[in-house]
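Below is the sequence, then the predicted model.
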Amino acid sequence: MDIVAILDSVDAHLWKVSGAIFSIFGMSRKLEEIKVPSGNGSSRVLVLSPHPDDESMLGGCLLKHAHGHDLIKVVVMTDGSACSASRRHDDISLIRRKEIENVSITLCNAELEFWPCKDQQLTSFEDGIRRLYETIIDFNPQIIYTPIFIDKHPDHIAANTILSKALLMIGPTDCEVRAYEGIFPSSWVAGNSYVDTSDVSSHKLKLFSYYASQRIRFEKVLSYNRKQSFMFQMDIGEPIEVYLRCNAYLYCQCINRMEPRPISRLATISGRQPMQISPYLWNILLASTKARQFRKYMRQG
């Protein structure tokens, strides 16, 4: 059996035992509960959504913000047009725009800001930093939700780069960043806070239902949300959403100091790019490495 076949076999088995892996990591840490809404009056909440549907990954939390009359603004950073090979990009862009507009209505008419950027091209979108800088200055959010920095998707990584550069231009602030999970679970290695979403879980599923164009099995996200409360040894037994919560300026300082550490030897042996080696294995190794870097920079301040 060659190295590629071995890695693919490892990847398949890791998927099967993922719950046990995450539980082992989660049992060693306790999470701080975030109360949403805060109870301190209306908050301004800014959500960075690299693609239409990313915002629904934190749908439970956003529903609680909306029901608490917090002001929500979602920055849709790309058109999401790369999700389908069977449709023209222009067609799927219009479909996905309509889908997130329906989500916005359910979130008590959350404001939407659409960027003119194609899917998977956010890394090269030169106007992103200026746009986000101006949005933050104008909207003046108390809370910013962003995809967590250890996510593997290039647009999610780019969103963090854009955010970090925009906030560093603004300087120290009392604003708080809450980094949310994507499809790949990351709370087991990086989460430090949670929101109890048990009272809105059925409504979160409704948000997912708007994305009929997507082949993602969103019900698995809700299933994972339920498992998380057991993973971190809580008595809730109901869905929670886990976040990495941090002061915005400190978060961005840490992001700017981090350096990727590709597993180049595996790539050389297998003849594949790192992400093609074994997606699950690569995610676990990369997430662990980045999380260790981030905690180190957090301690250093």
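Received the coordinates, thanks.

can you pull out the strands in the stretch 201-301 of the chain?
Secondary structure of the stretch 201-301 of the chain by DSSP state E, counting those that start in this stretch: the strands cover 240-247.

now the stretch 51-200 of the chain
Per DSSP E, counting those that start in this stretch, the stretch 51-200 of the chain has strands spanning 71-76, 111-114, 143-147, 176-180, 193-196. These are given in chain order.

And the last one, how far out from the chain middle?
Remark: strand 193-196 is offset 15 Å from the chain centroid, using Cα atoms, centre = their mean, to the nearest Å.

The first one too?
When C-alpha coordinates are averaged (Cα atoms, centre = their mean), strand 71-76 and its chain have centres 15 Å apart.

3 is where my numbering starts, stick with that
Fine by me, first position is 3 from now on; the one you just mentioned is strand 73-78.

Save the strands of the stretch 53-202 of the chain as JSON lines, and put in mean pLDDT, mean neighbour count and distance to M171 too.
To be clear about C-beta, it is placed using only N, CA and C from the backbone, and glycine gets the same treatment. Below are the strands of the stretch 53-202 of the chain laid out as JSON lines (pLDDT from 0 to 100; neighbours: other Cβ atoms under 10 Å; distance: least, Cβ to Cβ, whole Å):
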{"stretch": "strand 73-78", "mean pLDDT": "98", "mean neighbour count": "22", "distance to M171": "16"}
{"stretch": "strand 113-116", "mean pLDDT": "98", "mean neighbour count": "16", "distance to M171": "18"}
{"stretch": "strand 145-149", "mean pLDDT": "97", "mean neighbour count": "25", "distance to M171": "14"}
{"stretch": "strand 178-182", "mean pLDDT": "96", "mean neighbour count": "25", "distance to M171": "15"}
{"stretch": "strand 195-198", "mean pLDDT": "94", "mean neighbour count": "21", "distance to M171": "26"}
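
can I get these in JSON lines with distance to L50?
JSON lines is the format used below for the strands of the stretch 53-202 of the chain (distance: least, Cβ to Cβ, whole Å):
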{"stretch": "strand 73-78", "distance to L50": "5"}
{"stretch": "strand 113-116", "distance to L50": "10"}
{"stretch": "strand 145-149", "distance to L50": "4"}
{"stretch": "strand 178-182", "distance to L50": "9"}
{"stretch": "strand 195-198", "distance to L50": "17"}
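
Ends of stretch 53-60, what's the gap?
Here the two ends of stretch 53-60 are set 13 Å apart, with distance taken as Cα to Cα, to the nearest Å.

Give me the contact list for it.
Under the criterion Cβ atoms under 8 Å, 6 or more residues apart in numbering, residues 49, 51, 64, 76, 78-82, 85, 98-99, 101-102, 105, 121, 147, 149, 157-158, 182-185, 206, 209-210, 212-213, 216, 218, 220, 223, 243, 245 lie in contact with stretch 53-60.

repeat for stretch 101-114
49, 51, 54-55, 57-58, 61, 64-65, 67-69, 71, 73-76, 78, 205, 208-209, 212-215.

Report the buried members of those.
Burial by neighbour count, judged by 16 or more other Cβ atoms under 10 Å, picks out 49, 51, 54-55, 57-58, 61, 64-65, 67-68, 73-76, 78, 205, 209, 212-213, 215 from the contacts of stretch 101-114.

Now do the same contact list for the residue minimising distance to the centre of the chain.
The structure's the chain has its C-alpha centroid closest to P149; by Cα atoms, centre = their mean the separation is 2.8 Å. With contact taken as Cβ under 8 Å, 6+ apart, P149 is in contact with L50, P52, D56, H155, H158, A161, N162, A181, Y182, G184.

How about it: which residues does it bridge to?
Y182 (DSSP bridges).

separation between it and S188?
Taken as Cβ to Cβ, to the nearest Å, the spacing of P149 relative to S188 amounts to 9 Å.

How many neighbouring residues does the spatially closest residue to T163 that is not a sequence neighbour have?
Beyond its immediate neighbours in the sequence, the residue positioned closest to T163 (Cβ to Cβ, 6 or more residues apart in numbering) is I257, lying 7.2 Å away. Residue neighbour count, defined by other Cβ atoms under 10 Å, stands at 24 for I257.
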